[in-house]
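Participant: how would this look folded up:
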Amino acid sequence: MAGSMIMLGKDNCPQCEKLERYLKAHGAVFEIHKIREGNAQDLSDLRTNYGFFGRALPALVVGHRVYEYNDLFAADGHVLDLGGILK
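Facilitator: Numbering: from 1, shown residues only. The predicted model follows:
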């Protein structure tokens, strides 16, 4: 498994729940950091702590790399095969 893994998500987010289920089903060890929508401090923390400047959640931080929504989901909304990320 790659270094530390953090899922960046928010409440009431079906795609966040879908990614969380996928990670658990594949035995990933990860933390979840929930972002409060519209909270300026949380947005600042995303940029400062994770280097995340994207617009859509969820995102996945593995080591020093940030995988954004388009790296994780296909156009139809299903989770892509993340086997390479989870190694």
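Participant: quick one, strands of this structure?
Facilitator: 5-9, 31-34, 59-62, 65-67 (DSSP state E).
Participant: quick one, which of those strands is packed in tightest?
Facilitator: A comparison of the strands of the chain by mean neighbour count, using mean count of other Cβ atoms under 10 Å, puts strand 59-62 on top with a mean of 22. No exception for glycine: its C-beta is placed from N, CA and C like everyone else's.
Participant: quick one: strands adjacent to that one?
Facilitator: strand 5-9 (antiparallel), strand 65-67 (antiparallel) (DSSP bridges).
Participant: adding mean pLDDT and distance to His78, write those out as a markdown table.
Facilitator: A markdown table is the format used below for those (pLDDT from 0 to 100; distance: least, Cβ to Cβ, whole Å):
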| stretch | mean pLDDT | distance to His78 |
| --- | --- | --- |
| strand 5-9 | 95 | 17 |
| strand 65-67 | 92 | 16 |
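Participant: quick one: the nearest residue to Val61 once chain neighbours are set aside from Leu72, how far?
Facilitator: The shortest distance from Val61 to any residue that is not its chain neighbour, by Cβ to Cβ, 6 or more residues apart in numbering, is 4.4 Å, and that residue is Ile6. According to Cβ to Cβ, to the nearest Å, Ile6 and Leu72 sit 13 Å apart.
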